[in-house]
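S.K.: When you get a sec, could you give me coordinates for this:
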Amino acid sequence: MHFHPFLQSHHLSHDYKELVKALRNITVELTALTLGLLIAQALSSYERKFDELKNQASYAIQLDPAIIQFGSEADAARIGLRKTINDEIEKITLASQEGEAAQ
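M.R.: Sure, this is the predicted structure:
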């Protein structure tokens, strides 16, 4: 022990050593629990965003055939929808690449 010369003799007893070990173990367990909860929260957030993205993609896929039913008058809307979707895909791809580069 590095602190052995600085401690009073009653702090060197077996009971105090066991107390210090118990406190250390509690600290380690609480740290592990906190880290586990942080990781679980991050995973939950990621899964929620991914599910939202999948839902929006399915809505866009369902919307295109509905727009086709309006005929050639709706071609501008279909082109606009595709452009918007492509722009969003590019934003997500760029954000993903920046996140990977930061790691």
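
S.K.: Which of the helices or strands spans the one residue sitting closest to the centre of the chain?
M.R.: The chain has residue 42 as the residue nearest its centroid, 3.1 Å off, counting by C-alpha atoms, centre = their mean. Here residue 42 is covered by helix 14-68, with elements defined by DSSP states H and E.

S.K.: Helix or strand next in line after that helix, which one?
M.R.: Following helix 14-68 toward the C-terminus (DSSP H and E): helix 75-102.

S.K.: Give me the helices and strands touching that following helix, please.
M.R.: Packing contacts for helix 75-102, counted by 3 or more C-beta pairs under 8 Å, 6 or more residues apart in numbering; DSSP states H and E, involve helix 14-68. The way it works is simple: take the backbone N, C-alpha and C, and place the C-beta from them, glycine included.

S.K.: What angle do helix 75-102 and the helix it packs on make with each other?
M.R.: 160 degrees (axes from the mean of the first three to the mean of the last three C-alpha atoms, to 10 degrees).

S.K.: if we can go back for a sec, tell me the helices and strands packed up against the helix holding residue 42.
M.R.: Against helix 14-68 (3+ C-beta pairs under 8 Å, 6+ apart) you get helix 75-102.
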